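Student: all I have is the shape, not the residue letters:
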Ligand SMILES: C[N+](C)(C)CCCC[C@H](N)C(=O)O
Ligand SMILES: O=C(O)CCC(=O)C(=O)O
């Protein structure tokens, strides 16, 4: 999305008179950055108006005709939407009359809802709420909450839930709400066993299979050709940047560490890094937002994984207004930067150096010692993790869960059924 915006904007700019770079950066940022103008506060209430058989919404310069095909697509009756699977059963493209309005009338003088008759004879009741939902589905669809960005001070009060609450109603909801808000959460006082860890993860969603296998229980034996399977230190990074769809949640549960020391864990809030750069150097922010970067996993025999195309360090979209929805940062796995040699490449390295400086600054790192019985779960699309070197035998287990499975479980445990159903139809 950001590339299209960039290309579209560049095309528009190409016919425009020469403008100063700062104007371009501001214009580009305004056109595509993560802070489009906010909706006018106290906007006029939404009204459905019927004029000459046409359904309009809004008044004056805000008045627009509601498209028939969009309206029919919203119909959630048993004929238009399979009540068992919630899947659409009509096709307004194959059956044009299904998407053409033949008549519109008020349901009654008491309610603002209208009844629409389509050319194929189908009748739907359209509520103002449905139109209102269109304007606000973004948040519940993506499970957007007020993100709490943090730095090293999070160590004073890290988010955690008690394992025994997971067996009660609100435990899972609190766990996932914490991860949505902070990007990570501990589950404390749990059995220090792979079985209990795997069962908890499977309560959230299916464990993702990768070239490392599914549920993982590993130590420093290079059983998989990745530095995680050594006792070396690991700088803050996100995992699986080489996948088109990086893993969403990652779990780390230390089962034992004997005859040695070290192996401390670190976390960094990638959203805090992004906000810092956005504020300090908008040009660097934009460079990190629209320079494609490749990554690879090539250690294991017979495996060389790279994503469908390069993805930037900061992945943004106009739907996510408070900054990137995904951070990709792994200095060890980076495969190539899609910038032309010369000033553009230098510009990327200058911008990446700012990101690297932030994530490696102790003021921004939360360091702690994982312990048996206290599992860490974090959002790999936001939070970077690392490790100090260690000696001795250290056994770690955990698993990966897809992003969409994580958000699905978050929504199912934190958002109302009505809200979820509405977001499957409109928006
Ligand atoms: C599977 N397990 C979590 C044990 C190790 C995965 C290694 C991940 C790799 N360093 C990356 O950054 O993608
Ligand atoms: O061993 C650790 O503490 C973390 C290893 C790691 O970064 C990973 O498994 O992705």
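Tutor: Nice, I can see it. Small disclaimer: the values here were computed from a predicted structure and weren't measured. Ligands and ions are numbered 1, 2, ... in the order given.

Student: going by C-alpha atoms from here, please, whenever you check contacts or count neighbours.
Tutor: Fine.

Student: so who does the spatially most central residue of the chain touch?
Tutor: With distances taken as Cα atoms, centre = their mean, residue 325 lies nearest the centre of the chain, 4.4 Å away. Residues counted as contacts of residue 325 (Cα atoms under 8 Å, 6 or more residues apart in numbering) are 314, 315, 316, 317, 381, 382.

Student: strands of the stretch 1-150 of the chain, residue ranges please.
Tutor: Ranges of strands within the stretch 1-150 of the chain are 48-51, 54-57, 64-65, 101-106, 114-118, 123-126, based on DSSP state E, counting those that start in this stretch.

Student: tell me the secondary structure for whichever residue of the stretch 201-350 of the chain sits closest to ligand 2?
Tutor: Here the residue of the stretch 201-350 of the chain nearest ligand 2 is residue 228; by Cα to the nearest ligand atom that distance is 4.6 Å. Of the three states, residue 228 takes helix according to DSSP: H, G, I helix; E, B strand; the rest coil.

Student: let's number from 28 now, not from 1
Tutor: Done: numbering now begins at 28, and the last item shifts to residue 255.

Student: I'd say it and residue 248 touch.
Tutor: No: applying Cα atoms under 8 Å as the test, residue 255 and residue 248 come out as separate, 9.5 Å apart.

Student: flag every residue of the stretch 128-277 of the chain that's near ligand 1.
Tutor: Proximity of the stretch 128-277 of the chain to ligand 1, by Cα under 6 Å from any ligand atom, involves residues 239, 243, 253, 255, 265, 266, 267.

Student: was I right about the second one contacting residue 282?
Tutor: Just to be clear, that refers to residue 243. No: look at residue 243 against residue 282 with Cα under 8 Å: they stay out of range, at 11.8 Å.

Student: between those two, what contacts are shared?
Tutor: Among the neighbours of residue 243, those also in contact with residue 282 (Cα under 8 Å, 6+ apart) are 423, 424.

Student: who's more crowded, the two?
Tutor: Neighbour count, other Cα atoms under 10 Å: between residue 243 and residue 282, residue 282 has more, with 22 against 18.

Student: tell me which element the more buried one falls in.
Tutor: Using DSSP states H and E, residue 282 sits within strand 276-285.

Student: which residues does that strand contact?
Tutor: For strand 276-285, contacts defined as Cα under 8 Å, 6+ apart pick out 219-221, 224, 397-408, 419-430, 433.

Student: chain center to it: distance?
Tutor: A distance of 25 Å separates the centroid of the chain from that of strand 276-285, by Cα atoms, centre = their mean, to the nearest Å.

Student: and stretch 374-381, by the same measure?
Tutor: With Cα atoms, centre = their mean as the basis, stretch 374-381 stands 24 Å off its chain's centre.

Student: residues of the stretch 178-327 of the chain that sit close to ligand 2?
Tutor: 255, 266, 292.

Student: just checking, residue 327 touches residue 252?
Tutor: Yes: with contacts counted by Cα under 8 Å, residue 327 reaches residue 252, the gap being 5.2 Å.

Student: now stretch 135-144: average pLDDT?
Tutor: Mean per-residue pLDDT for stretch 135-144: 88.

Student: repeat that for stretch 303-323.
Tutor: Rounded mean pLDDT across stretch 303-323 is 97.

Student: how close does residue 333 sit to ligand 1?
Tutor: As judged by Cα to the nearest ligand atom, to the nearest Å, residue 333 and ligand 1 stand 11 Å apart.

Student: show me the helices in the stretch 328-454 of the chain, by range?
Tutor: Counting by DSSP state H, counting those that start in this stretch, one finds helices in the stretch 328-454 of the chain at the ranges 370-386, 430-441, 444-452.

Student: could you chop the protein up by domain?
Tutor: Segmentation of the chain into domains, based on automatic domain parsing, reads 31-169+443-452, 179-441.

Student: hey, which of those domains is tucked in deepest?
Tutor: Per-stretch averages of neighbours, counted by mean count of other Cα atoms under 10 Å, single out domain 179-441 among the domains of the chain, with a mean of 19.
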